[in-house]
Every structure is written in C-alpha cells, then in structure tokens.
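> what's the 3D shape of this:
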Amino acid sequence: MDSQPPASPDSQQQTTSKKRRGIGRIGWAVIGAVFFGSLLAIGILPRLSQRSELKAAVKEASTVPSVNIITPRRAAATTNLELPGSVVALNQTTIYARSTGYLRRWYADIGDRVQAGQLLAEIDSPDIDQQVLQAKAELAQAQANVLQSRASLAKGVSDVKQAQANLLIARQSWQRWSVLVKQGAVPQQDADTRYATYQANLANVEAAKNTVNSDSANVKAAQANVYASQANFQRNTVLQSYKKVTAPFAGVITARNVNTGVLISAGSGTSNTSSSNTNTSNTNTSNTSLYTIAAYDKLDVNVNVPQSLSPSFQTGQTAEITVKELPQRAFTGKVVRTSNAIDPNTRTLLTQLEVENYNATLRPGMYATVKFAINRTNTPFVVPDSALVVNAGGTQVATLTKDQTVHYQKVVVGRDYGTEVEITSGLTGNESLIATPTVDETEGLRVQPVAQTK
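Next up, the predicted model:
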C-alpha cells in the first residue's frame, strides 16, 4: 500500500483553527437560542396565566347569578296621610211631640234655616187645656183651705191666751182663799171650790194648746196641698206650652214628618206617615217624630285612623279637608276628640275633626278626604314593593351578606305608597337588598351583586 506523506505544520494549524471557529459558532448559537427562549418565556407565560385566570373568571361568572342591589332609604320626617272621612252634623236631633192633639199648623219645611226658639208647628190640644183649668181650680181651692186653716189657727191662739188669763185669775183666787182658810175667816169648802176652778182653767189651757197644735198641723197640710196643686198646675201649664213646637237650636230642617190635621201622640206611638221628602200626603195616624233638625254652622268629620298611626294623632292637630264635589275648595279641620279605644273589628281609632261651615257649603253625609301632616321622630325605611317576599315565613326581604350570599330577613311593613312601602322594623339601613328577588335566589345562594342604576 502506498503510505500518505505526513502533514505539514501549517496544515495542522489551519485544521485546529477551523475546529475552534466551528465550536465558537455553535456556542454562540446555543447562547442565542437560550436568550431568545428566555425572552419568549417571559412574554408568553404571563399571558398564558392571565388567559387561564380569565377563563376561570368567565367560567365562575357564568355559574354565579347576578342580582341588582339596592339600599333602603329613610322616609321623610314629615309625611302626608290621606284618609277617608264622613261629614256629620255637629248637633242633630229629632223633634218629638210632648202634647197630644191634632196638628193645627206647621210653619217650617225641609231645607228651611231656623233660629233657636223659632215656632215650627202648633198642636190643638183641648184635653190639656181642660187639665190646666182643673189644676188651676184645685190650686185655688188649696189656697183657700190654707187661709181657712190659718184663721182657725189664729182663733186657737186667741183661745189659748184667754184660757191662760182665766187660769191666772183662778190661781190667784185660790191662793187668797187658802190664806183666809188658815186665818179661819172662810170655810175650807170655799177654798176647795176656788181650787177646783183653778184646775178646770188649767185643763182649758192645755186643751186650747192642743187645738192650736192641731190647727198648726192643718195649716201645714193645707200648705203642702197648695204646693202639690201648684206643681200640678205648672206641669199642665208646661204641657200646654208644648202645643207650640219650637226649634231647640239654630239649624236646618232636614225632615218634616207631619201635615195639618194629623193626630199627634205625646211621647210614644208609631208613625206610618210619609215624609214630606216624597211630597205625599199623610193620613190621620199617630206620630211622635215631627221634625229633624241639624246644625250646619259647625260640622264633624269622622275618620278611622289605622292602629299603627294612632299614636301620632293628638287633640288640636289640624288637617286639610276636601270633597270631590268642590275641587277648588279646601277646608281646615281640627281634631277635637278621639274614642281613645281601638275598634277590635277594624283595628282603627275613631277620630273626630271639627270644621267651620258658615256658608253651609258642606253637608252632612258627604264623603271627604282628610289630609294630615304627620311629624315622625323615628322615621321608617322605604323600599320598593318588588323587594318584598311574602310566603309561609311571613313578610321578608332578600339581603346580601358579606360573603355575597343570600339571606332572608323578616320585616314589618308600614304604609303602602303603591310602588314603595315603609318598613317599620327589621332593617338597620346598612343592608344590601336584592331589588327583585325570585324563587331562584334561595337562602345561602352565592350571587354576583350589581348596583342598580336609578
């Protein structure tokens, strides 16, 4: 075989140099790859982490429901309360007859304004007229008996004085004869005669005094009879005065139940007559109700206040009163009294307001609206009515806890404003409430709150 010649030193150096240059290029390539790989890791890894977190958040958001959140607000310190009311007459009465007879004439009809004491009707009552005459005669007879008894008493007093004078003479005569008997000037029999006369006069004095006492008793009895006869006469005179029916107070006649000639029964009886409101004639029958009169200058308005608001009402409080038929008019009423008791059937407090009605604009029986301005120291909270949940557990609201879970809180509802309601207890004001809870928001459910925009 042919052997190759040995390499020269120059060629060996060139080979070594080439190897070194090849190794250097590989190292730089490796370093560059590592450098660019590091840069790539620094830029990509955070993005990948953010993307995974975003995907997790999206996944969690897709499983946790979102709810609109509201905060309860305080109600105004002064609030207007409108309640229905009924206008009634402050003073209304039915006039009855106190004298029996036939109606002679009537002077007032429905709608007439009358003054106190004004003549309304006259009753023809001959029976009571005769009773007055009889009572007057009995009174005169009793007064005559008194005069006679007093005359007898005066004569009795005179007899007593005469008997006492005779007694004095008889006693002095007996005493003188007693002295003469002791002196032997007269016999004892004469002295005894004088003593018997003295005893007889003493008896006469006692009899006269008894007669005076009897006459005095007769005078008292006769005087008592005069008082009785006088009372009977006055009673019949008063009954006779009831023949004229007068108005007990100023007001308006609201009903007339009699016509001329009808038989009137005093005090009691049934009335089958028709009221003049129907313009029908009355038949002759017994009547006790003649008129109905109502005072219009002042009227009462009765209002039933709910139990929850009754502590806010006080005597002297004013209110605005309006009626539908007078939309341009507003009347001022003042609370004058309450029943001071809650009606167990309606749970309301009967409250009466007094309103001036000089022009008779308001009429009894009208339906009115009464507006009160109520100042409240401890004002309740107000929430939308959609936030309430009413179920077997009572009236509740859905609140949101710190860990974003649903919790149902019992509350007590006050006034209802239609779209909003008052919460009198159960809330502190710091709660976050679900604006419109549904059956899906169960107790303990985790939700995503979203502030509701106004």
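
> Only C-alpha atoms from now on, for both contacts and neighbour counts.
Will do.

> Any stretches of the chain with poor pLDDT?
1-30, 32-62, 268-288, 453-454 (pLDDT under 70).

> quick one, helices of it?
9-63, 126-183, 188-241 (DSSP state H).

> on contacts alone, who are the packing partners of the last one?
Using 3 or more CA pairs under 8 Å, 6 or more residues apart in numbering; DSSP states H and E as the contact test, the elements touching helix 188-241 are helix 126-183.

> which of the residues in stretch 218-226 are buried?
Residues Asn218, Val219, Ala221, Ala222, Gln223, Asn225, Val226 are the ones in stretch 218-226 that count as buried (16 or more other CA atoms under 10 Å).

> was I right about the fourth one contacting Gln141?
No - assessed by CA atoms under 8 Å, Ala222 is found out of contact with Gln141, at 9.8 Å.

> Now do the strands in the stretch 351-454 of the chain.
For the stretch 351-454 of the chain, applying DSSP state E, counting those that start in this stretch gives strands covering 367-375, 381-384, 388-391, 394-400, 406-410, 412-416, 420-425, 433-434, 448-451.

> tell me the angle of the fifth one relative to strand 420-425?
Our comparison of strand 406-410 with strand 420-425, counting by axes from the mean of the first three to the mean of the last three CA atoms, to 10 degrees, yields an angle of 80 degrees.

> Next, count neighbours for the spatially closest residue to Asn166 that is not a sequence neighbour.
Once flanking residues are discounted, Asn166 sits nearest to Asn201: 6.2 Å by CA to CA, 6 or more residues apart in numbering. Look at Asn201: counted by other CA atoms under 10 Å, it has 21 neighbours.

> What is the burial count for Arg337?
Arg337, neighbours per other CA under 10 Å, totals 14.

> give me the number of residues near the spatially closest residue to it that is not a sequence neighbour?
Using CA to CA, 6+ apart and skipping residues adjacent in sequence, the residue nearest Arg337 is Gln352, 5.5 Å away. Gln352 has 24 neighbours, counted by other CA under 10 Å.

> In JSON lines: the buried residues of stretch 218-226, plus distance to Glu443.
Converted to JSON lines, these look like this (distance: CA to CA, whole Å):
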{"residue": "Asn218", "distance to Glu443": "101"}
{"residue": "Val219", "distance to Glu443": "101"}
{"residue": "Ala221", "distance to Glu443": "97"}
{"residue": "Ala222", "distance to Glu443": "98"}
{"residue": "Gln223", "distance to Glu443": "96"}
{"residue": "Asn225", "distance to Glu443": "94"}
{"residue": "Val226", "distance to Glu443": "94"}
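
> Show me what the residue nearest to Arg337 is bridged to.
Residues in a beta bridge with Gln352, per DSSP bridges, are Asn302, Arg337.

> Look up how far Asn201 lies from it.
Separation of Gln352 from Asn201 (CA to CA, to the nearest Å): 83 Å.

> same deal with Ile321?
On the measure of CA to CA, Ile321 and Asn201 end up 94 Å apart.

> now Ser178
18 Å.

> Flag every buried residue along stretch 71-86.
For stretch 71-86, by 16+ other CA under 10 Å, it's Thr71, Pro72, Ala75, Gly85, Ser86.

> scratch that, stretch 424-443
So, applying 16+ other CA under 10 Å, buried residues of stretch 424-443: Thr424, Leu427, Ser432, Leu433, Ile434, Ala435, Thr436, Pro437, Glu441.
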